[in-house]
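In: From the sequence below, what's the structure:
(2 chains)
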Amino acid sequence: MATPEIYVLGGYQTDFARNWTKEKKHFSALMRESVLGALATCNIDPEEVESAHVGNFAAELYCMQGHLGAFFTEVHPAFSGLPTGRHEAACASGSIALLAASAEIEAGRYDLQAVVGIEQMKTVSAGEGGAYLGTAAWYEEEADGVEFPFPKLFGRLGDEYDKRYGLKDEHLAEISKINYANAKLNPNAQTRTWYMNKEHALCRTDDNAAVGGRIRIADCSQVTDGAVCVFLASRAFAEKYADRQGISLGDIPRIKGWGHNTARLRFADKVLESRDDRYVLPHVRSTVTSAMKRAGIADVSGIDGIETHDCFTTSEYMAIDHFGITEPGESWKAVEEGWLEIDGKYPINPSGGLIGAGHPVGATGVRQLLDGYLQVTGQAGDYQVEGAKNIQTLNIGGSGTTSCSFVVGV
Amino acid sequence: MSDSSSTGTLSGAAARKILKSRNIERVVVLGANGTMGYGSAALFTQAVPHVTFLARTKAKADEGLEAAIKQVRSPTVASRSDTGDYDNDLEAAVAQADLIFEALTEDFAIKKDMFDRVEKARRDDSIIATVTSGLSINALCEGRGDSFRKNFLGLHFFNPPNVITGTELIAGDDTDPEVVDFVDVFSRVKLGREMVRTADTPAFAGNRVGFKVLNEAAQLAEELGPVLVDRLVGPYTGRALTPLATVDLVGWDIHRAIVDNVFENSNDEANATLELPAYMAKLMDKGVMGDKTGAGFFKRDGKARLALDIASGDYKPVEEIALPDLSYIDDVASLYRQGRYEEGIQAFLAADGDEAALARKVIAGYISYAFHRVGEVTETITGIDLIMGAGFNWAPPSVLVDTMGADSAVRMIEEASLPVPEILSKAAASGEPRRFFSHPVINIGKYFVAG
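Out: Okay, the predicted model is just below:
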């Protein structure tokens, strides 16, 4: 029996430039705006939603609030009594929520699921937030007492590339530049008004201070408040939905393939494990290729655009060869050839990615899927990849620990 | 004026085609030592490889460049810029420029003299934009040659432009529509602006509507005092910064220039609310100008925040000023805090007491005034909505109407004895829900600040 299809009906992203603490808003307002926005955008009645999955990393720390699935029921009276739950896998939390919702549709339990990725992070200072993010690593081993542990871990990813293949700062700066430039085209991107260019990304003054090894401010993703809600549906619901929207079923994008792997927590162990491998993070490679395989796509030439996890420029640099755009260690070629730009051969992060669009940790995986949906339905506006049919996401938790990937396409 | 809001109409491939129709390689900023001059110049260095900062002296232009670097916190501004003075460098720089951006002081004669020199020196294909916030675009280019008038328009950034994206685009009667479209797309895509096209009317759209509310708040302060007024027309009414704190930030002199311009050069139904309060003129004579002189409606004394006592001209600690019961504001704010904006605004509408009624009167005035300006300052309410949102960070009038419902809006305006815009009474009478705010992306929730 063929695996049941998972349809993506669309969704809603909050403006990632907003600071909900400055607006004096509670976490529940963020949830509420994303879900009500998605219902309105997708023309779905609250009564139709059967179940909800919430992806979130650390609301207990940032907002002193757990039990997040239950907050879904606060959004609308019709939601009272719905089965809900919360999923956590650090920065991959949103994708884990999507996987769980998909699995329930495949199992035939529900026909219409809401998936909310959400994180409110500006409740605390940068230093305190940096320590919270350290809990995505093995805290005691890698983060305790370290200021900004994650830039340092991903700095080490760059060091590993440098050791094995060589790595130039100018290639990382170019990655930063492209993400910021794309973000200017995305009306929901956090950095859309920020000042950035390649020269700035390369500058070595306090305006672009070092935060961890080779990682400087311009190499980093952002501290972001944001939520994204999407609706996933079974074929039965999608048929009904297509009818009433006056579109054909074939116009509704599907999750064609997925990948999911978890590597050992400590970065040192990952590197040790891969020392004889061509790929620095072979489990990430496996996530990418298994999603392609499930989608019936042979290699990256069948992918029209990528939304990848550029928590730092080094993670995007890693993604380039792990997607198979270049041979391992040759990601720089794609950078130099201009392949990564929106109208390039392999557009990466037309949305601006985590560096440009922002990184509300638990929301990112869901935001990537929604951007994939917008691309393949031709609704991405100024950051549209012309004629995109298949978009692949890569969402990573920890230092390359939990990897998830989706191929969304029509 | 073709379309009051350009958002979405010139996007994607169409926008890219327009963008490719011209090359902006060199920009000259005139008056680059002023706040709007250096702020705009910094913005241009984001998108243009070569920006020339010009001022009366090279030293002044250098100061502008320093300030630009500080504002956007990037030393790379310098590598894209050079500086010079009007006497030695203007003609050569203007002759090379693809875009000449005028940001001189708001004085008609000074600008006119500058345009005499610009017209002689410029190439026929260069664009001339003025950042004026009040002078007439048609008057500024009156009597000039065809090429100048075809390529001349208003490009009104708000201060500081690196933070506030709302921008007004004002074509003159003779501006080439292709130039207007190009500057629109260029500003939106390359400079990250939220573009609104307005008519060449006094103070254009944003300041016309915005300063009406600010001045009304200043008028009310004479009797109620600044603390109560800022509480009543505070964040819960749809703005992050309270109105009188805004006037202090803008500067009382700028406030006066804008409201005097509108008061004298327009004659609309709310003209009286645009008359500068006499006490402001009197205090300005004594040097009270707002934050720039350290004292306005409010001032700081160490950690203490003091408020102006208008009758005496003295300042008192804010916490020593007795206020009536305003607990309704806390009720509204706690609903906003949970994202319950519709319920919050209904609580505002239902609140008892003279104070709540006064607050509703100001908000009713804002909505009534904005909707009555449609057809005069912009073609549709959307243009006014976008500039109030992206230029002032205020809840756009349509957002308030949509959130409370047209029938509630009409009732509120009637209770305030203000003229009800026809489009609202029609929508209320139809009984059909209708949304006035049309923007595909903007989160309206951001305007409802829970405080």
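
In: in the chain, which segments are predicted with low confidence?
Out: You didn't say which chain, so I picked chain A. Applying pLDDT under 70 to chain A picks out residues A:1.

In: wrong chain, I was asking about chain B
Out: Where chain B drops to pLDDT under 70, the residues are B:1-9, B:11-12.

In: and it, which residues reach chain A?
Out: Chain B has residues B:8, B:11-13, B:15, B:42, B:46, B:72-76, B:79, B:162-163, B:165, B:189-190, B:192, B:235, B:240, B:333, B:336-340, B:440-443, B:445-446, B:448-451 near chain A, with proximity defined as Cβ under 8 Å from any Cβ of the partner chain. From N, CA and C alone the C-beta is placed, and that goes for glycine too.

In: Chain B contacts on the stretch 101-250 of chain A?
Out: Residues of the stretch 101-250 of chain A lying near chain B by Cβ under 8 Å from any Cβ: A:184-185, A:187-188, A:192-193, A:195-197, A:199-200, A:203, A:205, A:207.

In: Output those residues as JSON lines; include the columns distance to residue A:283 and neighbour count.
Out: Shown next, in JSON lines, are those (distance: Cβ to Cβ, whole Å; neighbours: other Cβ atoms under 10 Å in any protein chain shown):
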{"residue": "A:184", "distance to residue A:283": "34", "neighbour count": "24"}
{"residue": "A:185", "distance to residue A:283": "33", "neighbour count": "24"}
{"residue": "A:187", "distance to residue A:283": "35", "neighbour count": "22"}
{"residue": "A:188", "distance to residue A:283": "31", "neighbour count": "25"}
{"residue": "A:192", "distance to residue A:283": "33", "neighbour count": "22"}
{"residue": "A:193", "distance to residue A:283": "37", "neighbour count": "20"}
{"residue": "A:195", "distance to residue A:283": "37", "neighbour count": "20"}
{"residue": "A:196", "distance to residue A:283": "32", "neighbour count": "23"}
{"residue": "A:197", "distance to residue A:283": "35", "neighbour count": "22"}
{"residue": "A:199", "distance to residue A:283": "36", "neighbour count": "16"}
{"residue": "A:200", "distance to residue A:283": "34", "neighbour count": "25"}
{"residue": "A:203", "distance to residue A:283": "35", "neighbour count": "18"}
{"residue": "A:205", "distance to residue A:283": "38", "neighbour count": "11"}
{"residue": "A:207", "distance to residue A:283": "37", "neighbour count": "17"}
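
In: from those, which ones fall inside helices?
Out: A:199, A:200 (DSSP state H).

In: residue in chain B nearest to chain A?
Out: For chain B, the residue positioned closest to chain A under Cβ to the nearest Cβ is residue B:339, at a distance of 3.1 Å.

In: Could you look up the SS state of the residue nearest to that residue when sequence neighbours are not counted?
Out: Leaving aside its sequence neighbours, residue B:339 sits nearest to residue A:29 (Cβ to Cβ, 6 or more residues apart in numbering or on different chains; 3.1 Å). At residue A:29 the chain is in helix, as set by DSSP: H, G, I helix; E, B strand; the rest coil.

In: And the residues of chain B next to chain A, which of them are buried?
Out: Neighbour counting over these (16 or more other Cβ atoms under 10 Å in any protein chain shown) leaves B:11-12, B:15, B:42, B:46, B:72-74, B:76, B:162, B:165, B:189-190, B:192, B:235, B:240, B:333, B:336-340, B:442-443, B:445-446, B:448-451 as the buried ones.
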